[in-house]
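# Here is a sequence with its predicted model. Questions after.
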Amino acid sequence: MELTGAEIVCESLLKEGADVVFGLPGGAVLPLYGALSVYPAIRHILVRHEQAAAMAADGYSRATGKVGVCIATSGPGATNMVTGIAAAQMDSVAVVAITGQVPRPAIGSDAFQETDVTGVTLPITKHNMLVMDVKDVAQAIHDAFHIARTGRPGPVLVDIPRDVLLGDKTEFVWPSEPKLPGYKIPTVAPEAQVAAAADLINQAERPIIMSGHGVLISHAYGLMTDLAEKAQIPVITTLLGISAIPSSHELNLGMSGMHGMAYANLAIDEADLIIGLGMRFDDRVTGRISAFAPNAKFIHVDIDASEVDKNIKATVGMVGDLKAVLGQLLPKVEANVHIDWLQHINELKAQHPSHLVRESDELLPQYVLQRLTEVTQGRGIVVTGVGMHQMWAAQHCRFTEPNTFITSGGLGTMGFEVPAALGAQVGRPDVTVWSIAGDGGFQMTMCDIATAVEAHADVKFAILNNNSLGLVHQLQELFFDKEYIASQYTANPDFVKIAEAYGIRGIRVTRKDQVLDAVQQAMETAGPVIVDFMVKEDEGLYPFIPSGQSVKEMLEEPTLKEIT
Amino acid sequence: MVQSNHTEQHTLIALVEDKPGVLTRVASMFRRRGFNIASLAVGNSEQPGLSRMTFVVNGDDHTVSQVAKQLDKLIDVIEVSDITNKSTVTRELALIKVKTNQMTRGEIIQIVNLFRANIIDVGSESMVIEITGEEDKINALHNLLSSFGVIEMLRTGLVAMVRGQTNGLANGHSEQVNSSSNS
Ligand SMILES: Cc1cc2nc3c(=O)[nH]c(=O)nc-3n(C[C@H](O)[C@H](O)[C@H](O)COP(=O)(O)OP(=O)(O)OC[C@H]3O[C@@H](n4cnc5c(N)ncnc54)[C@H](O)[C@@H]3O)c2cc1C
Ligand SMILES: Cc1ncc(C[n+]2csc(CCOP(=O)(O)OP(=O)(O)O)c2C)c(N)n1
Ligand SMILES: [Mg+2]
């Protein structure tokens, strides 16, 4: 049977297993919505702002490992998605964005709502395409999904003119394979390199595994943990690698880097071997490169050849899929104990206990997270915004399962906390999603609370409300002579009333003794809940390695005492 | 970034899909990552649907290897090869419009002949010279003509080819090379 381009998009989405899409219609993409109305197998979630569609697709993808799909109309609809697409690109998230475009004859004429969307998104997508013939639609969608989810994942945008969606019909033929002669997907690493890496590991006295987002992406967390256990190597996770290994695991040192655990950074400083797995040695992780792990050799495994030797010169650099490469490596690694090294790290941890929360009568944000994670027992999914609350969540929330900590790392996109949490919950309806929100970021996307309500998404929004752009405020305190400007709010809305306006439960917490009860009540209430935690406003974020500095310049929380 | 300080000129060739926007993707990648292209030449290759690009890039080994990896990462780029240390033939074409008058015309013609260049247009007060050769040869001719007054110059950028039974690329795509040369 002959189908329209729009119908072919729907058929192709089903072939790719995309049963949920996030979007908002408009003129150029309306033919696709027309088709969606007769494809009930594809659930469409109507967002309030297209930025939320892209971020929800991102959260959905990170929570499920599937491709997240978002749809917008031409012009403003498409440009509204730009921030979400850029975030997915920076964090290697598999997203397919489908945008309507003005009809082919109008392209290039500055037509109504015409934006060169493939031009705009060229540097922030893994790939993009403008489909100019209905016969190419199925292949384009197939290629887009293939590119988005394989190799180093990333967003792919498919721009389709209105008259391609709703013009000539053609036979729907699902392509047998992608048509991408220039696209390569690395798998295994050369045996000689694997052997060299195993030698380095077997000889190391003070090794550390740095486990990144790639470990989660390639489902290599089991193998990574096997490696750590076999040779008794402590594991540090990057911000995006958190949840690859349970928080309770005795080899897990937590996050390192700018706001990482002090003892993790100190251990890196003394390490003689860093094993970087699926992580890209971001500047938040390394600080000043010349002072990073000055005594260490480096093994680096990444599926993207351009990441190897980019920031750090690897002693042994391997390009391949982590699951495959760890499979090659593991049998060659000898069992080991590293007793002295692990004991030394325990001493560092006792001397620099940045994982602890100090005693205080005030409502500390860290305390809120500690209680919250006690109630959830580290189950379910945590999504965050960007800022202090994000870092505290990374430091104090506990995790038991992979892919349960979702945060915007590379782009650091405020506002991520609402739509990404919604997307994650839609992808994982079996779990509760806690959105750890900043009062600043929350207000960037809180319009999409309505979307969560409509989608019956079980998302609990915990606003760590410090009445400020807290992270910026602290930067001004430390590095701009306390010249505070534009970092404090004087008229934040009443978030409990906001909840009520959306017809959901709102709870305000001002004292420590209310925290447990509020969290429990939120968990017991079906559907979205907003809990407004009025936390201590000027609480500082520590540890803190100032930008471009090293562990030698690390600032630690003054009041945390050595545990003896 | 990994630092090293030995800058030299590298020649890269890339086989790319002949699709709209390929040049934009390549140029955008160079601009975004702060790489400098000294020259870029594009044209059809021996294989239908594929173009060949020749890049001249200045940088240390680390930068140039990043350029090659980032190029290779582009979906439309099929293969990239740094042929700097291979035995190659390189050519560039230039058109040079030079001021002339009765006094200088003879001398200019002599120079042109010496360089085995061609005069392809003659006016009363100017002349257009075409020269093909390696970069140095074109530079030398340009230098000599400068004293007469160069009105306009246009250079195509370098094109390069590896000598011998190869098409310069690691994976070769040699089957296609053979079949297309037989046809
Ligand atoms: C306010 C703020 C503060 C921050 N502070 C810190 C901090 O203190 N510490 C910290 O760690 N981060 C911090 N970050 C986050 C930081 O900016 C980076 O986003 C993060 O470090 C990147 O982690 P990653 O390299 O593991 O993940 P990504 O950037 O997602 O990189 C993943 C890597 O894995 C590779 N990969 C993907 N799939 C595979 C596969 N199948 N096989 C092999 N490799 C694969 C990819 O090619 C890529 O190189 C902060 C961010 C913000 C916003
Ligand atoms: C979209 C966007 N704009 C600006 C910034 C810069 N920025 C980083 S953290 C931050 C403050 C965030 O405030 P809030 O959401 O309240 O979180 P807090 O730091 O107070 O916990 C700002 C403005 C950003 N990361 N993203
Ligand atoms: Mg705040």
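Done, it's in. Numbering: from 1, shown residues only, chains lettered A, B, ... in the order given. Ligands and ions are numbered 1, 2, ... in the order given.
# hey, let's count contacts and neighbours off CA atoms from now on
Fine.
# and the stretch 151-300 of chain A, which residues reach ligand 1?
With Cα under 6 Å from any ligand atom as the criterion, the stretch 151-300 of chain A meets ligand 1 at residues A:152, A:212-214, A:217-218, A:238-241, A:255-260, A:278-282, A:284-285.
# how does it look with 8 Å?
Residues of the stretch 151-300 of chain A lying near ligand 1 by Cα under 8 Å from any ligand atom: A:151-153, A:211-219, A:237-241, A:255-260, A:277-285.
# quick one: the helix or strand containing A:Val158 near chain B?
Using DSSP states H and E, A:Val158 sits within strand A:155-161. No: judged by Cα under 8 Å from any Cα of the partner chain, strand A:155-161 stays clear of chain B, getting no closer than 11.2 Å.
# Flag every buried residue along that strand.
By 16 or more other Cα atoms under 10 Å in any protein chain shown, the buried positions in strand A:155-161 come out as A:Pro155, A:Val156, A:Leu157, A:Val158, A:Asp159, A:Ile160, A:Pro161.
# closest to A:Gly327 among those?
For those, the closest approach to A:Gly327 (Cα to Cα) belongs to A:Pro155, at 28.0 Å.
# got a list of what the residue sitting nearest the centre point of chain B touches?
Compute the mean C-alpha point of chain B, and by Cα atoms, centre = their mean the closest residue is B:Leu158, 1.6 Å away. Listed by Cα atoms under 8 Å, 6 or more residues apart in numbering or on different chains, the contact partners of B:Leu158 are B:Ser39, B:Leu40, B:Ala41, B:Thr54, B:Phe55, B:Val56, B:Thr90, B:Arg91, B:Glu92, B:Leu93, B:Glu135.
# what comes into contact with stretch A:515-529?
Under Cα under 8 Å, 6+ apart, the answer for stretch A:515-529 is A:368, A:371-372, A:375, A:432, A:449, A:452-453, A:456-461, A:499, A:504-507, A:509, A:530-531.
# Break the chain into its domains for me.
Assuming you mean chain A. A:2-171, A:191-351, A:365-544 (automatic domain parsing).
# oops, I was thinking of chain B
According to automatic domain parsing, the ranges for chain B are B:8-86, B:89-159.
# Just give me how far the first one sits from the chain centre.
Chain-centre distance of domain B:8-86: 11 Å, with Cα atoms, centre = their mean, to the nearest Å.
# Kindly report the same for stretch A:165-179.
33 Å.
# That one and chain B in contact?
No: against chain B, stretch A:165-179 shows no contacts by Cα under 8 Å from any Cα, the least distance being 10.8 Å.
# Which residues are in contact with the residue of chain A found nearest chain B?
Nearest residue of chain A to chain B (Cα to the nearest Cα) works out as A:Gly182 at 3.8 Å. By Cα under 8 Å, 6+ apart, A:Gly182 lies in contact with B:Val16, B:Glu17, B:Leu74, B:Ile75, B:Asp76, B:Val77, B:Ile78, B:Glu79.
# For the residue nearest to it when sequence neighbours are not counted, which three-state class applies?
Nearest residue to A:Gly182, sequence neighbours excluded (Cα to Cα, 6 or more residues apart in numbering or on different chains): B:Ile78, at 3.8 Å. State at B:Ile78, reduced to three classes by DSSP: H, G, I helix; E, B strand; the rest coil: strand.
# Mind pulling up the pLDDT for B:Ile78?
Looking at B:Ile78, its pLDDT stands at 96.
# Over to the one 3 residues further on?
Here the pLDDT value assigned to B:Ser81 is 95.
# Up against ligand 2, what does chain A have?
A:385-390, A:411-415, A:437-442, A:444, A:464-473, A:487.
# Can you list which of those are found in strands?
A:Ala437, A:Gly438, A:Leu464, A:Asn465 (DSSP state E).
# Look up how far ligand 3 lies from the last one.
Look at A:Asn465 and ligand 3: by Cα to the ion, to the nearest Å, they are 5 Å apart.
# Poorly predicted segments of the chain, please.
This is for chain A. In the predicted model of chain A, residues A:561-564 satisfy pLDDT under 70.
# my bad, the chain I had in mind was chain B
Checking chain B against pLDDT under 70 turns up B:1-5, B:170-183.
# How are the helices of it distributed by residue range?
B:22-32, B:61-73, B:102-114, B:135-146, B:174-182 (DSSP state H).
# wait, which of these is closest to ligand 3?
Ligand 3 lies closest to helix B:22-32 among these, at 32.4 Å (Cα to the ion).
# In the closest one, which residues are buried?
Neighbour-count burial for helix B:22-32 [16+ other Cα under 10 Å]: B:Val22, B:Arg25, B:Val26, B:Ala27, B:Met29, B:Phe30.
# go on, stretch A:336-355?
Buried, per 16+ other Cα under 10 Å, within stretch A:336-355: A:336, A:338, A:341-342, A:345-346, A:348-349, A:351-355.
# Could I get the contacting residues of B:Lys99?
B:Lys99 neighbours (Cα under 8 Å, 6+ apart): B:Glu125, B:Ser126, B:Met127, B:Phe148, B:Gly149, B:Val150, B:Ile151.
# rewinding a little: next SSE after the strand holding A:Val158?
helix A:162-165.
# Beta-bridge partners for B:Glu152, please?
B:Lys97 (DSSP bridges).
# can I assume it is in contact with B:Met127?
No: using Cα atoms under 8 Å, B:Glu152 is not in contact with B:Met127, being 10.4 Å away.
# hey, what's in contact with both of those two?
B:Lys97, B:Val98.
# just checking, A:Lys536 touches A:Asp361?
No: the pair A:Lys536 / A:Asp361 is not scored as a contact, 10.1 Å apart, by Cα under 8 Å.
# Tell me which of these two has more neighbours.
For A:Lys536 versus A:Asp361, neighbours defined as other Cα atoms under 10 Å in any protein chain shown are more numerous around A:Lys536 (16 against 9).
# quick one on the thing from earlier: can you add secondary structure and distance to ligand 3 and give the buried residues of stretch A:336-355 back as JSON lines?
Shown next, in JSON lines, are the buried residues of stretch A:336-355 (DSSP: H, G, I helix; E, B strand; the rest coil; distance: Cα to the ion, whole Å):
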{"residue": "A:Asn336", "secondary structure": "coil", "distance to ligand 3": "45"}
{"residue": "A:His338", "secondary structure": "coil", "distance to ligand 3": "42"}
{"residue": "A:Trp341", "secondary structure": "helix", "distance to ligand 3": "39"}
{"residue": "A:Leu342", "secondary structure": "helix", "distance to ligand 3": "37"}
{"residue": "A:Ile345", "secondary structure": "helix", "distance to ligand 3": "33"}
{"residue": "A:Asn346", "secondary structure": "helix", "distance to ligand 3": "33"}
{"residue": "A:Leu348", "secondary structure": "helix", "distance to ligand 3": "31"}
{"residue": "A:Lys349", "secondary structure": "helix", "distance to ligand 3": "29"}
{"residue": "A:Gln351", "secondary structure": "helix", "distance to ligand 3": "30"}
{"residue": "A:His352", "secondary structure": "coil", "distance to ligand 3": "27"}
{"residue": "A:Pro353", "secondary structure": "coil", "distance to ligand 3": "25"}
{"residue": "A:Ser354", "secondary structure": "coil", "distance to ligand 3": "21"}
{"residue": "A:His355", "secondary structure": "coil", "distance to ligand 3": "21"}
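# Report the two of those residues separated the most.
A:Asn336 and A:Ser354 (28.1 Å).
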